[in-house]
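>>> starting from these lines, generate the structure:
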Amino acid sequence: MNIMNRTKKALADSKNAGTKTTGEGETGGEGNQGVQSGSVDSKTRGEGSGLGDKGISYDLQGRGFQSLPPPKYDYQGEGRVVVEVSVDRAGKVIQAVPGTKGSTTLDEYLLKVAKEAALKARFDPKPDAPLVQKGTITYNFILK
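Now for the predicted structure:
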């Protein structure tokens, strides 16, 4: 084995101290998973920001979503906007209050577009849900 291959193997093995494998990731095999431009020290594997569905996540206990449209914005602002949503049994958002606990910005424009997007979201119907079920949708605005 030449010096370059021995050095590569030694560095790869250092990330897996105490294990019998030289691979990292979820599928096993040789080598490290992830994006080529990523860092071997990262704990996030694969594409994306790790923030949910392209910067959008939700919490509405016991329900999936049918659509979570992204906010329409072309703006040089960033931060997290948490929107408290009220959802009816059919899955329609009937009320949206942006800027609730967990938000990192109170920028009026970002609050406005987050509210508009939240009102367009649709969740799975649930006939046995409360008449109005409350949850949250979180939008992570990231400068591009």
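
>>> so how far is Ala90 from Pro127?
For Pro127, the distance to Ala90 equals 9 Å [CB to CB, to the nearest Å]. From N, CA and C alone the C-beta is placed, and that goes for glycine too.

>>> between these two, point out the one with more neighbours.
Neighbours per residue, other CB atoms under 10 Å: of Pro127 and Ala90, the larger number sits with Ala90, 13 against 6.

>>> mind listing the strands for the chain?
56-59, 65-67, 79-88, 93-98, 122-123, 132-141 (DSSP state E).

>>> could you measure from Tyr75 over to Arg89?
35 Å.

>>> my read: Leu60 touches Glu84, true?
No. Using CB atoms under 8 Å, Leu60 makes no contact with Glu84, being 10.8 Å away.

>>> who has more neighbours out of these two?
The neighbour count for Leu60 versus Glu84, taken as other CB under 10 Å, is higher for Leu60 (21 against 17).

>>> pLDDT score for that one?
According to the prediction, Leu60 has pLDDT 93.

>>> got it, and Asn16?
52.

>>> now do the one 3 residues further on
Taken from the predicted model, the pLDDT recorded for Thr19 is 53.

>>> where does the protein dip in pLDDT?
Counting by pLDDT under 70, the chain contains low-confidence ranges at 1, 4-5, 7-54.
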